[in-house]
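I'll drop the sequence and a predicted model, then ask my questions.
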Amino acid sequence: MMLFLFGSVYGNEPTPLLGGYGTVDLSMPAHTAMIIATGGLMSITITMAAFCWTGAAWSQHTADVLVLAAMLVVGILISAKTCRWE
């Protein structure tokens, strides 16, 4: 969402100042790191702590971690689709 917002505000036109890349292209690694940090470090740990506190079954733990991991991959793929790869 942030990538599309910044892309619509600043555009992604290549400029010589940025080495021929656009602003979205250069901010892609930072957005990928934020996706990994939000999904991998925060969501999974908070969910695991909540499940341990309530005493949920391990199958529920596994399913939730797999869903969060899938959301990480989808988020990275969607944001990578907007970037130019050479």
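That came in fine, so what should we check first? Numbering: from 1, shown residues only.

residues in contact with the residue nearest in space to the middle of the chain?
Geometric centre of the chain, nearest residue: I35, 2.4 Å, by C-alpha atoms, centre = their mean. Counting by C-beta atoms under 8 Å, 6 or more residues apart in numbering, I35 touches 72, 75-76, 79. Placement of C-beta: from N, CA and C, glycine included.

which other residues reach the longest helix anywhere in the chain?
Criterion DSSP state H: the longest helix present in the chain is helix 58-81. Contact with helix 58-81 is made by 3, 28, 31-32, 35-36, 39-40, 43-44, 47-48, 51, as judged by C-beta under 8 Å, 6+ apart.

dihedrals phi and psi, the spatially most distant residue from the centre of the chain?
No residue in the chain sits farther from the centre than G55, which is 29.2 Å out by C-alpha atoms, centre = their mean. The phi and psi torsions at G55 (degrees, to the nearest 10) take the values phi 80, psi 30.

can you check V9 too?
With angles defined as degrees, to the nearest 10, V9 sits at phi -80, psi -50.

what count of nearby residues applies to it?
Using other C-beta atoms under 10 Å, V9 is surrounded by 8 other residues.

quick one: buried residues of the worst-scoring helix or strand of the chain on mean pLDDT?
Within the chain, no helix or strand scores below helix 2-10, which has a mean of 77 by mean pLDDT, DSSP states H and E. By 16 or more other C-beta atoms under 10 Å, the buried positions in helix 2-10 come out as 3, 7.

show me which positions of the helix or strand that that helix is followed by end up buried.
Toward the C-terminus, helix 2-10 is succeeded by helix 23-36 as the next helix or strand (DSSP states H and E). Buried residues in helix 23-36, counting neighbours by 16+ other C-beta under 10 Å, are found at 23-25, 27-28, 31-32, 35.
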